[in-house]
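[1] sequence unknown, structure follows:
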């Protein structure tokens, strides 16, 4: 579905998220480039049309289809985030790819990228009635992001 979405018509991608219209598979680490140009004799663009039609038979159209494709776009954009040690404490982490974080924040509707960053570099621990935010090191933060 990732390659199909990235080969969907530019106008459709622009409606989902304006920057997506100018992006290709090479712009996303989770996807990357491929030498495969056809699957079962069809291009990704042709398969996109077939997938959209199949989803329509299930009643997934208009806003529902858009929401689903935005979720798919969020997944592939998450893969572009990089994590680095926090300069003030190298056992904690920060998101090193600020432009990618800003893009993901925009896509997800966050007004402040810092809120999204905090959710990706900490985990919440509940012990009885107490709730703690535990900082993650860069490796654990990346693993957490990839699991998301």
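    The structure has been received and is ready for your questions. Just so you know, these numbers come straight off a predicted model, no measurement behind them.
[2] from here on, contacts and neighbour counts on C-alpha atoms
    Will do.
[3] next structured bit after the helix or strand harbouring residue 131?
    Residue 131 belongs to strand 130-135 when elements are defined using DSSP states H and E. Per DSSP H and E, the first helix or strand lying C-terminal to strand 130-135 is helix 138-147.
[4] got the angle for that next one vs strand 130-135?
    110 degrees (axes from the mean of the first three to the mean of the last three CA atoms, to 10 degrees).
[5] same question for helix 138-147, mean pLDDT?
    Here helix 138-147 scores 94 as its mean pLDDT.
[6] what residues sit buried inside it?
    138, 139, 140, 141, 142, 145 (16 or more other CA atoms under 10 Å).
[7] now do stretch 63-78
    65, 66, 69, 70, 73, 74, 75, 76, 77, 78.
[8] list the contacts of that stretch.
    Stretch 63-78 has contacts (CA atoms under 8 Å, 6 or more residues apart in numbering) with 2, 5, 16-17, 28-31, 55, 100, 104, 107-108, 145-146, 148.
[9] next one: that stretch to chain centre, how far?
    On the basis of CA atoms, centre = their mean, to the nearest Å, stretch 63-78 sits 8 Å off its chain's mean C-alpha point.
[10] likewise for stretch 89-108?
    The answer for stretch 89-108 is 12 Å, by CA atoms, centre = their mean.
[11] can you check stretch 65-82 too?
    Distance, centroid of stretch 65-82 to centroid of chain: 3 Å (CA atoms, centre = their mean).
[12] average pLDDT for that stretch?
    97.
[13] measure residue 131 to residue 125 for me?
    Going from residue 131 to residue 125 by CA to CA, to the nearest Å gives 6 Å.
[14] can you report how many residues lie near residue 85?
    17 (other CA atoms under 10 Å).
[15] sorry, that was for residue 56
    Neighbours of residue 56 using other CA under 10 Å come to 14.
[16] equivalent analysis for residue 26, please.
    12.
[17] one more: residue 22?
    For residue 22, using other CA under 10 Å, the count is 11.
[18] give the closest residue to residue 13 in space, chain neighbours not counted.
    Spatial nearest neighbour of residue 13, excluding adjacent residues (CA to CA, 6 or more residues apart in numbering): residue 21 at 5.0 Å.
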